[in-house]
Every structure is written in structure tokens, then in C-alpha cells.
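**Q** Sequence below, structure please.
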Amino acid sequence: MELKVTLEGSKKVSTHIGDHLIMTDQPEKSGGNNTAPAPYDLFLASIATCAGFYVQSYCENKNIDSSGIEITLEVKRDEKKIINGFVTTIHVPENIPEKLHGVLKKVAAQCAVKKTIMNNPEFIVETISK
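**A** Now for the predicted structure:
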């Protein structure tokens, strides 16, 4: 898979992923116009939405009504404000039995984004003349 990123000016950057286009911008305090999420916000969203995908898929496979389920992601920081963890919380409506809470936690933990981060992948940055 290859993503194509283009620089749009004024702190805006676009990414083409297959048939999709994702725009990013920076907050005004960082010199942007705040017209789209910042790249780091999309990183955080990818963790939370990946967990949501796994929870929703499980519910669909088991014919469980997933409406009303919400997922929040909290960023944990140390005293130096360095991120040292994430807490994913699944807010489960009362119509879903408590006996399923553990299962929902397990399926959310299967998130491929989380697993990739935990695998400590190598990041390579290179330049190529056009």
C-alpha cells in the first residue's frame, strides 16, 4: 500500500489513499486555518476508530444491537507531558448485558493499529529526486 501526500500550502496537507482523500490542517495557534484535523489528531482517531471497528464487527456477527455504544480514547502523559499511554473506554448502554463487557474489551484490543504501534515498527525517511 502506498499513500500519496501533497502539500497544499498554508499548513494544509492532503493524502490520497486509494479512492479517498484525507485533508489535514493545523490549528490557528500553529499557523494553520483549522479547516481539518491535524495529522496527530488523525493518528489518535485511527486508534479509537480501529477499536470501534472491532467492537462493531463483533456485535454485527453476534446480532447484538451496537447503537448507543461509544468509544473514547484518553491520552496519558507523564510529568514532562510526554505521552506514555492510551486508555480506550467502551461506553456500553444498559441493553447490553454486563457479561459481554469483557468480550468487548477483548475484541477492541484486537485493533490492528494498536498492534502495529506495539510492534515498534521501523520508520525510514528517504529522499528521491523527481
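
**Q** ok, which stretches of the protein are strands?
**A** When assigned using DSSP state E, the strands of the chain occupy the ranges 4-9, 12-17, 20-24, 70-77, 83-91.

**Q** With mean pLDDT as extra columns, can I get these in JSON lines?
**A** What follows is the strands of the chain, written out as JSON lines (pLDDT from 0 to 100):
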{"stretch": "strand 4-9", "mean pLDDT": "94"}
{"stretch": "strand 12-17", "mean pLDDT": "96"}
{"stretch": "strand 20-24", "mean pLDDT": "96"}
{"stretch": "strand 70-77", "mean pLDDT": "96"}
{"stretch": "strand 83-91", "mean pLDDT": "95"}
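
**Q** Identify whichever of those strands lies nearest to Gly32.
**A** The closest of the strands of the chain to Gly32 is strand 12-17. By C-beta to C-beta, the value is 7.1 Å. For glycine as for every other residue, the C-beta is placed from the backbone atoms N, C-alpha and C.

**Q** Not counting its own residues, what contacts that closest one?
**A** When contacts are taken as C-beta atoms under 8 Å, 6 or more residues apart in numbering, the neighbours of strand 12-17 outside the stretch itself are 1, 3-8, 21-25, 32-33, 35-36, 39.

**Q** The strands of the chain: which one's closest to Ile124?
**A** Between Ile124 and those, the shortest separation by C-beta to C-beta is 15.4 Å, and it involves strand 4-9.

**Q** quick one: the longest helix seen in the chain to chain centroid distance?
**A** In the chain, with assignment by DSSP state H, the single longest helix is helix 39-61. The chain centre lies 6 Å from the centre of helix 39-61; the measure is C-alpha atoms, centre = their mean, to the nearest Å.

**Q** next one: stretch 122-130
**A** Taking C-alpha atoms, centre = their mean, one finds the center of stretch 122-130 at 24 Å from the center of the full chain.

**Q** Quick check: the closest residue to Gln110 other than its chain neighbours vs Thr116, distance?
**A** Among residues not flanking Gln110 along the chain, Tyr54 sits closest, at 5.1 Å (C-beta to C-beta, 6 or more residues apart in numbering). Taking C-beta to C-beta, to the nearest Å as the measure, Tyr54 and Thr116 are separated by 14 Å.
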